[in-house]
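Asker: only geometry, no sequence info:
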Ligand SMILES: NC(=O)c1ccc[n+]([C@@H]2O[C@H](COP(=O)([O-])OP(=O)(O)OC[C@H]3O[C@@H](n4cnc5c(N)ncnc54)[C@H](OP(=O)(O)O)[C@@H]3O)[C@@H](O)[C@H]2O)c1
């Protein structure tokens, strides 16, 4: 089975398939992580804002007690936008590590390029009830994240939701280059421009919402799972639409982190390394692009670091 891992510029590597855990309901997440680990998943994606790091930590501790090795796991969490102030970065990372029950992270991402108002309120609003912005520049946050690598708390650092200009700024001014940029991508939002840039610069792209988040974010319209072309391709290989969406990404070198709490869908989503899409089918999926973004974060549109003013 080729292409099971993506090479990172750190010299390490990460599994091309991971488990997404956003919106995994309380009580459900721990079970989903344990089922995923039993099925062979080793890469788990979370974030402070998902409010499930503690539950994931429970699942990891339990499974490590049953023989899963820490060095085989690849655990990713994210620095939230209210923690961008350089003085807040180390405590935020330590807090995530404590909740996850780990002494290091495999990858720590800056969740968004924009900062929100500093503090423990994860949804700060101003006097007009609008989202309260922060003024820390992401370069200053990045420099504080670099120190986490120096301290051995994280093996790699990366970005999420950064556009090309923002990545370029980090590459030019940072001491440590980002290992990963995690962005929304699915057949209706292929991000070919960003992928080309990442590949040239040695940055791995991870696709979130790789199934188009059916049923979440009120987003059925962007899910390619009902697309007739995807279904026809799936029929040809005896695979589901979800498997085609995921296979297309990993075959072009993109890491995928589909979320499921359902054991049969967790299994289905993992069975993507036993077939290969033809060049023609890869191109047919690619042609479905319509730049349809689910997470637009319009409440940050006035923020100078809102990333979506530039095409991905
Ligand atoms: N960096 C960021 O800003 C950011 C933003 C959003 C998401 N993420 C990460 O990316 C992960 C994935 O994104 P997402 O959860 O928004 O969307 P997604 O993975 O594209 O879709 C998840 C939805 O699809 C359903 N599903 C899973 N497998 C399926 C299958 N084989 N067939 C049909 N339906 C299926 C799931 O329901 P069931 O659970 O019932 O199976 C769930 O409702 C998140 O969980 C999170 O870890 C990161």
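Answerer: Great, that's in hand. Predicted model only: the values in this text are computed from it and were never measured.

Asker: Centre of the chain to stretch 112-130, how far?
Answerer: Taking CA atoms, centre = their mean, to the nearest Å, one finds stretch 112-130 lying 22 Å from the centre of the chain it belongs to.

Asker: Give the buried residues for that stretch.
Answerer: 112-118, 124 (16 or more other CB atoms under 10 Å). To be clear about C-beta, it is placed using only N, CA and C from the backbone, and glycine gets the same treatment.

Asker: How about the residues of the stretch 101-250 of the chain by the ligand?
Answerer: Within reach of the ligand by CB under 6 Å from any ligand atom, the stretch 101-250 of the chain has these residues: 111, 160-161, 182, 208-216, 225, 242.

Asker: rewinding a little: how about the buried residues of stretch 112-130 in JSON lines, adding secondary structure and pLDDT?
Answerer: Shown next, in JSON lines, are the buried residues of stretch 112-130 (DSSP: H, G, I helix; E, B strand; the rest coil; pLDDT from 0 to 100):
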{"residue": "112", "secondary structure": "coil", "pLDDT": "98"}
{"residue": "113", "secondary structure": "coil", "pLDDT": "98"}
{"residue": "114", "secondary structure": "coil", "pLDDT": "98"}
{"residue": "115", "secondary structure": "coil", "pLDDT": "98"}
{"residue": "116", "secondary structure": "strand", "pLDDT": "97"}
{"residue": "117", "secondary structure": "coil", "pLDDT": "96"}
{"residue": "118", "secondary structure": "coil", "pLDDT": "97"}
{"residue": "124", "secondary structure": "coil", "pLDDT": "95"}
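
Asker: got any ranges where this protein has weak pLDDT?
Answerer: Low-confidence regions of the chain, defined by pLDDT under 70, span residues 1-3, 217-221.

Asker: I'd like to know how many residues surround residue 199.
Answerer: Residue 199 has 14 neighbours, counted by other CB atoms under 10 Å.

Asker: err, residue 13, not the other one
Answerer: Neighbours around residue 13, by other CB under 10 Å: 13.

Asker: The nearest residue to residue 102 once chain neighbours are set aside: which element?
Answerer: Of all residues not flanking residue 102 in the chain, residue 75 sits nearest, at 6.3 Å (CB to CB, 6 or more residues apart in numbering). Assessed by DSSP states H and E, residue 75 sits inside strand 74-79.

Asker: Give me the residues contacting that strand.
Answerer: 14-15, 18, 42-49, 53, 60, 89, 92-93, 96, 100, 102, 105-111, 141, 145, 160, 182 (CB atoms under 8 Å, 6 or more residues apart in numbering).
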